[in-house]
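>>> Have a look at this prediction, sequence included:
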Amino acid sequence: MGSFLSSFIGGGEVPAGDSAASSEGSRVTSFHSAARWQLHLNSIKDTSQLMVIDFSASWCGPCRFIEPAIHAMAEKFTDVDFAKIDVDELSEVSQEFQVQAMPTFVLLKKGKEVDRVVGAKKDELEKKVEKFRPSA
């Protein structure tokens, strides 16, 4: 039914494991393929847009605890790109960013890390997002 509905509304199928998906109604994009992640990263590298990468894991309690706050921040800061990467799914990406604990939030501008927050520290993350976003 899902694929029928997708083709009916103009979606089309995306191969499993090769997608970038937003949770229903969310502005946080989850990446499930290193190739898709690289394409996305390259597409905003040359802009001044701030990207916040949420490195998390499905088994991580603090990651699940802070997730609603991340979605709320994504709604509040519409000029910021929020991405989510599961460290077990895309371990090569988490290694590239030297992620050692979850959750880790890496803030990028022009493809370069400008800051990071390790742990479910909502207030600290929000202050850093406000500091580095383009319209700040």
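Received it, and whenever you're ready, just let me know what you need.
>>> what's the model's confidence in the particular helix or strand that has residue 131 in it, averaged?
Element membership for residue 131 (DSSP states H and E) is helix 122-132. Mean per-residue pLDDT for helix 122-132: 97.
>>> Tell me where this protein has helices.
2-8, 34-44, 61-76, 91-96, 122-132 (DSSP state H).
>>> Restricting to C-alpha, output the second one in PDB.
The reference is to helix 34-44. Extracted in PDB, the C-alpha atoms of helix 34-44 (Å, rounded to 0.1, in the frame of the first residue of the first chain):
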ATOM      1  CA  ALA A  34      27.100   7.600   3.700                       C
ATOM      2  CA  ALA A  35      26.700   8.600   0.000                       C
ATOM      3  CA  ARG A  36      23.500  10.600   0.700                       C
ATOM      4  CA  TRP A  37      25.200  12.200   3.700                       C
ATOM      5  CA  GLN A  38      28.200  13.300   1.600                       C
ATOM      6  CA  LEU A  39      25.900  14.800  -1.100                       C
ATOM      7  CA  HIS A  40      24.000  16.800   1.600                       C
ATOM      8  CA  LEU A  41      27.200  17.900   3.300                       C
ATOM      9  CA  ASN A  42      28.700  19.000   0.000                       C
ATOM     10  CA  SER A  43      25.500  20.900  -1.000                       C
ATOM     11  CA  ILE A  44      25.800  23.300   2.000                       C
END
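>>> buried sites along it?
34, 36-37, 40-41, 44 (16 or more other C-beta atoms under 10 Å). Where C-beta positions appear, they are placed from N, C-alpha and C, glycine not excepted.
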